[in-house]
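Q: Turn this into a model:
(chains A and B, ligands or ions: 2)
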Amino acid sequence: MKLTPLKCPHCGAKLKIAGNTVLAACQYCGNAAEFTGESAIKLDQAIIKSEGPPNILLPFWRISYKAKISSLAAHAPQNPFQQDGTEAFYRRKDVKPEDLEIPSRMLVAAFRVNNFINYTADLSQALSLKLDRDLPEKDADKSMDYGRCYYGHLDAQGMVEVLLRVLANKKSRDILDLDFDIKWRERKILWWPFKQDGDCWRDMIYEQRLLQSALEK
Amino acid sequence: MAKITALLCPVCGSGLVTESGSTLAQCRSCQASVALGSQMGFYRYYVESGIKRNGAISLAGQATELSFEPIAAQLMFIPAWHVEAEIFGFIGGQRPIVEKIIKVSIDEYHGNKINEKEIKEKSGGEVVKKSLWIKKDYRMLGIKWNELGGSDIKDTAPEMELMPEDAAELSKLGLMLEPDAAAEPEMMAEATKYFKGQLLYPYGSYQGLTSRISLLKQNRRLIYYPVWRVLGFTKKGRFKCLVDGVNGTQIYVKQYSQAKIVPPTKHLIATLAIALALGMMLSPHQVFVQGWLSFVAPFFLLGFLAGGTVLNRLILDRLAEKAARFIWKV
Ligand SMILES: [Zn+2]
Ligand SMILES: [Zn+2]
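A: Ligands and ions are numbered 1, 2, ... in the order given. Have a look, this model is predicted:
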């Protein structure tokens, strides 16, 4: 068995990471590292600026990539309310890969919610659709809550692969079966500001809601 | 049983502390975090054997009512795969279209009789597109042995206290059985098929179903589970028993029947004697022509046959058994 001591990728000091941790800060230099299962690697992170102080900052992976559609099949659904029974199918329109707009970066949750796990997928999807402009960022300070980070960048890439299909299908009446060739580019943890608003957390930029009970530890 | 040497810190050489099944260990003295490297993408662990050699032998003896003479007891480590994952996927499809016939009552002027009319109604057909998320685990034995067919090793192994495996140290305790080289990709393909099936199960009747899945938070393990193999003899013959190294249950019991070693000459002589006797009965004149020797020969051969059988019973079987025991011991 290979025993590899974990070293801070920024300053080289030995790292103290608790089991099941994905992200951790170095005790010496304060910079953050991601634990991949084999080693600790550098992590870029930033906080999205908001008006007024947020109640909570939640970690998201912002992943950039170049995605090319390698195959595309479209299934045209049947019409159940056709009465005469002659033409039971919709006339199928051919879908061309060029017609599909594929985003080149996406925001997926790095945190996990307890009782409504699909919520992170919905939130990621909703925020990704709106991620059309560069938001003002500031450097992360040394008191980030890394315990909130649950998914590493490889998991985030897996989420992107599924969400790309979800997004392509959103715009089409047909059921699209897509394959992608993806080249991964920069990745970054973005701490997204939320404020408490009654029984939910409301994101401070796009007004997206996240159930408060879902985040209780 | 000798306890396995604890893993040593690669920084300072002190003992490492690990949580059961964790991929990280912490040094007791210098506090360094140490990644336990995965081989082939799998973290390898083992389960300690609580049953000692003598315990295994006496448990094996309980499996037979006959008096049991043990010959060998060997600790084996059986590999079991365990894949844990969150399955995140997209599905798109059309809910099946169902045609129902509904009876509708119609008011009519004539009398109080209620007339009914049958109407066909179609339902379903909605296009469903959504993302799904479930958490499941897949378990499979790393080797295909009929003897282990009735055991629940693959199910219980992941629930045990898991120690990080150090192949050099573990092989001192017992025989480590390795899954064959082809088994890993085969197992991952099976696991992925299983995960996909679990995710798509409610949508089996949908039309034009397309789906894609990603496995998140994958935790792949290969767990070595202890099993004692005890061999011995009862008066009925060779006896073999597999004993679970953790809870002592008998996984597999086999009583072989006595080994019968028949010298080929016995059959040869019997065939000759019968052929000669038949020949004498069918055409005695032709046989008698050759003289009195041909008359005596079959009786002589029969006598030899009987003698040979007795000899075989008394000596050869004993010798064969001795040889078999010797081979098993080696
Ligand atoms: Zn550092
Ligand atoms: Zn140390």
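Q: got the buried residues for stretch B:123-138?
A: Buried residues in stretch B:123-138, counted by 16 or more other Cβ atoms under 10 Å in any protein chain shown: B:124-125, B:127, B:129, B:131-134, B:136, B:138. (C-beta placed from N, C-alpha, C; glycine too.)
Q: Please disregard the earlier target; I meant stretch A:36-54.
A: Neighbour-count burial for stretch A:36-54, counted by 16+ other Cβ under 10 Å, picks out A:37, A:39-40, A:43, A:45-48, A:50, A:54.
Q: what about B:Glu161, how many neighbours?
A: By other Cβ atoms under 10 Å in any protein chain shown, 11 other residues sit near B:Glu161.
Q: Kindly provide the distance from it to B:Tyr138.
A: Applying Cβ to Cβ, to the nearest Å, the value for B:Glu161 to B:Tyr138 is 21 Å.
Q: I'd like the C-alpha coordinates of stretch A:40-58 written as CSV, please.
A: The C-alpha coordinates for stretch A:40-58 follow below in CSV (Å, rounded to 0.1, in the frame of the first residue of the first chain):
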residue,chain,number,x,y,z
ALA,A,40,-3.9,17.5,-1.7
ILE,A,41,-4.1,19.9,-4.7
LYS,A,42,-4.4,23.6,-5.1
LEU,A,43,-7.8,25.2,-4.9
ASP,A,44,-9.0,28.5,-6.4
GLN,A,45,-11.7,30.2,-4.5
ALA,A,46,-13.5,33.5,-4.3
ILE,A,47,-16.5,35.1,-2.6
ILE,A,48,-19.2,36.7,-4.6
LYS,A,49,-19.8,40.2,-3.4
SER,A,50,-23.2,41.1,-2.3
GLU,A,51,-25.0,44.1,-1.0
GLY,A,52,-25.1,43.9,2.7
PRO,A,53,-23.7,41.1,4.8
PRO,A,54,-24.9,37.6,3.9
ASN,A,55,-26.1,35.3,6.7
ILE,A,56,-24.5,32.3,5.1
LEU,A,57,-22.0,31.6,2.3
LEU,A,58,-22.6,28.3,0.4
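Q: and B:Ile102, what helix or strand is that in?
A: B:Ile102 is part of strand B:98-106, with elements assigned from DSSP states H and E.
Q: mind listing what that strand pairs with, with the direction of each?
A: Paired with strand B:98-106 in the same sheet, following DSSP bridges, are strand B:115-123 (antiparallel).
Q: quick one, what contacts B:Ser211?
A: Taking Cβ atoms under 8 Å, 6 or more residues apart in numbering or on different chains, we find B:Ser211 in contact with B:89-92, B:196, B:199-200, B:203.
Q: how many neighbours does the nearest residue to it once chain neighbours are set aside have?
A: Using Cβ to Cβ, 6 or more residues apart in numbering or on different chains and skipping residues adjacent in sequence, the residue nearest B:Ser211 is B:Ile91, 4.6 Å away. Applying other Cβ under 10 Å, we find 23 other residues in the vicinity of B:Ile91.
Q: Would you check that B:Ile91 makes contact with B:Tyr201?
A: No. B:Ile91 is beyond contact range of B:Tyr201, at 11.0 Å (criterion: Cβ atoms under 8 Å).
Q: which bits of the stretch 1-150 of chain B sit near ligand 2?
A: When proximity is defined by Cβ under 5 Å from the ion, the stretch 1-150 of chain B lies next to ligand 2 at B:9, B:11-12, B:14, B:27, B:30, B:32.
Q: Could you list the residues in contact with the strand holding B:Ile102?
A: B:114-124.
Q: centre of the chain versus stretch B:84-100, how much separation?
A: 35 Å (Cα atoms, centre = their mean, to the nearest Å).
Q: Could I get the full set of strands for chain A?
A: Taking DSSP state E as the test, the strands found in chain A are A:3-5, A:23-25, A:32-35, A:40-42, A:45-48, A:56-75, A:105-109, A:137-139, A:175-197, A:200-203, A:209-211.
Q: Domain-wise, how is chain B divided?
A: Taking automatic domain parsing as the criterion, chain B consists of the domains B:1-36, B:39-92+B:127-255, B:265-329.
Q: residue in the stretch 101-250 of chain B nearest to ligand 2?
A: B:Pro164 (15.6 Å; Cβ to the ion).
Q: Distance of that residue relative to ligand 1?
A: Look at B:Pro164 and ligand 1: by Cβ to the ion, to the nearest Å, they are 26 Å apart.
Q: Hmm, B:Glu48 and that residue touching each other?
A: No. Look at B:Pro164 against B:Glu48 with Cβ under 8 Å: they stay out of range, at 11.9 Å.
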